[in-house]
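J.: pasted the sequence and its predicted model underneath.
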Amino acid sequence: MSANVAAIVVSYNVRELLLACLASLEAARRRGELSTIVVVDNASHDGSADAARCEFPTVTVIEAPNNGYGAGANVGIAATNEEYLLILNPDTVVQPGSVAELTRYLNSHPEVGLVGPRLRYPDGSIQPTRRRFPQRLTPLFESTIFERWWPGNPWSRHYHLRDVPDDGPQEVDWVVGAAMLVRREAIEQAGPFDESFRMYSEEVEWCWRLRRFGWTIAYNPSAEITHHEGASTIQNVAARLVDFDTSRVHLANRMYGPGTATLVRIGLLAGYAIQLAIEASKWLVGHKRDLRRQRISHYLTALRSGLRDRNRVRP
């Protein structure tokens, strides 16, 4: 008998990667690790939905408007009734036994509302996925030019749990949303994804809310999933940059209030201005001008956004 698990894959314009993901999920279904597979296609224009229906007739494919990753996941959550929900990016490949291991973990830890696996890059190297919640200044010193200037800063170290080994199961604040097994009971209490987070940070806010409702978040490296990372968002670099940092401002407001959000917004915009000046100076001296021109365009787009626009429509 199949496990009481539904896999939900939210996909956008990554047809071949989606098909590889579904092949791994279909194999897991045949092994009895899960019972249902749902693809929520966020208005792809590369034939993803038709290809998924054609090659995997047992998979339910739902075509939805592109209102963001969390909104797509919520469509899948509403379309299923299993006890456990495996939320996946389309650029993942589920390794044999991994879904069963995550299910076993939730079965044996009733206090855990959400558990994430160890993720690996396609070359087999480990992709760090455990995190603590960001502190007030974390967005300024993690994944920014300021982190490049100060790579060992305490905010980034704290955020990435660099003081705690990742070789065993453990409680964490949140896990990267590329792969998460979630208990439906926890969703019913805390609610689904907050759809005001269009892209990025939606899993951070979700784990933060789940913990506020008394649920534990866990990381279990005994389950492993391959993740290509960023396959959908790399299609529009400027949009990815704006979405990433706009969501961090939004999260700062949610967790710490408007004062911290304003500080984060100003700091991130200042970082863009610095990088714009650096790229412009390199362009002026003739260094890789095509590359510099692209980067100048990206930083100008980010600066013009003001990191406030939450409802941009995808091309």
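T.: That came through, no problem.
J.: what does the domain assignment say about this protein?
T.: What automatic domain parsing lists as the domains of the chain is 5-128+166-232, 234-305.
J.: could I get those domains as TSV with mean pLDDT, distance to Leu137 and mean neighbour count?
T.: In short, each C-beta sits where N, CA and C put it, glycine included. Formatted as TSV, the domains of the chain follow (pLDDT from 0 to 100; distance: least, C-beta to C-beta, whole Å; neighbours: other C-beta atoms under 10 Å):
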stretch	mean pLDDT	distance to Leu137	mean neighbour count
domain 5-128+166-232	96	16	20
domain 234-305	94	8	17
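J.: and of these, who's closest to Leu140?
T.: Leu140 lies closest, by C-beta to C-beta, to one member of the domains of the chain: domain 234-305, at 4.3 Å.
J.: picking that back up, Arg136: which of the domains of the chain is closest?
T.: Nearest of the domains of the chain (C-beta to C-beta): domain 234-305, 5.0 Å.
J.: quick one: the closest one to chain centroid distance?
T.: Distance of domain 234-305 from the chain centroid (C-alpha atoms, centre = their mean, to the nearest Å) equals 19 Å.
J.: what helix or strand is Ala27 on?
T.: Remark: Ala27 resides in helix 15-30, with elements defined by DSSP states H and E.
J.: next secondary structure element downstream of that helix?
T.: strand 36-42.
J.: that following strand: how far from the chain's middle?
T.: 16 Å.
J.: just the helices in the chain please.
T.: Counting by DSSP state H, one finds helices in the chain at the ranges 15-30, 48-55, 69-78, 98-108, 138-141, 145-149, 154-159, 184-190, 202-212, 237-256, 258-284, 289-305.
J.: among these, which is nearest Pro90?
T.: helix 15-30 (4.2 Å).
J.: same for that closest one, what does it pack against?
T.: Secondary-structure packing of helix 15-30 (3 or more C-beta pairs under 8 Å, 6 or more residues apart in numbering; DSSP states H and E): strand 5-11, strand 36-42, helix 48-55, strand 92-94.
J.: 6 Å instead, please
T.: Helix 15-30 is packed against strand 5-11, helix 48-55, strand 92-94, with contacts defined by 3 or more C-beta pairs under 6 Å, 6 or more residues apart in numbering; DSSP states H and E.
J.: out of these, flag the one nearest Arg162.
T.: That would be strand 92-94 among the helices and strands packed on helix 15-30, by C-beta to C-beta, at 24.6 Å.
J.: just checking, what packs against the closest one?
T.: Applying 3+ C-beta pairs under 6 Å, 6+ apart, we find strand 92-94 packed against helix 15-30, strand 216-227.
J.: can you add distance to Leu88 and give the ones you listed back as TSV?
T.: Shown next, in TSV, are these (distance: least, C-beta to C-beta, whole Å):
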stretch	distance to Leu88
helix 15-30	7
strand 216-227	8
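J.: for Gln294, find the nearest of the ones you listed.
T.: helix 15-30 (24.1 Å).
J.: dump that closest one to CSV, keeping only the CA atoms.
T.: What follows is helix 15-30, C-alpha atoms only, in CSV (Å, rounded to 0.1, in the frame of the first residue of the first chain):
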residue,chain,number,x,y,z
ARG,A,15,10.4,21.2,-19.1
GLU,A,16,13.3,18.7,-19.2
LEU,A,17,14.1,19.1,-15.5
LEU,A,18,10.5,18.7,-14.6
LEU,A,19,10.3,15.5,-16.6
ALA,A,20,13.4,14.1,-14.7
CYS,A,21,11.8,15.1,-11.4
LEU,A,22,8.6,13.4,-12.3
ALA,A,23,10.4,10.2,-13.4
SER,A,24,12.0,10.0,-9.9
LEU,A,25,8.7,10.6,-8.2
GLU,A,26,6.9,8.0,-10.4
ALA,A,27,9.6,5.5,-9.3
ALA,A,28,9.0,6.5,-5.7
ARG,A,29,5.3,6.0,-6.2
ARG,A,30,5.8,2.5,-7.6
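J.: any idea how far the helix holding Ala27 is from the middle of the chain?
T.: Worked out by C-alpha atoms, centre = their mean, helix 15-30 lies 19 Å from the chain centre.
J.: list the contacts of that helix.
T.: Contact with helix 15-30 is made by 7, 9, 11, 34, 37, 46-48, 51, 56, 59, 90-94, 99, 231, as judged by C-beta atoms under 6 Å, 6 or more residues apart in numbering.
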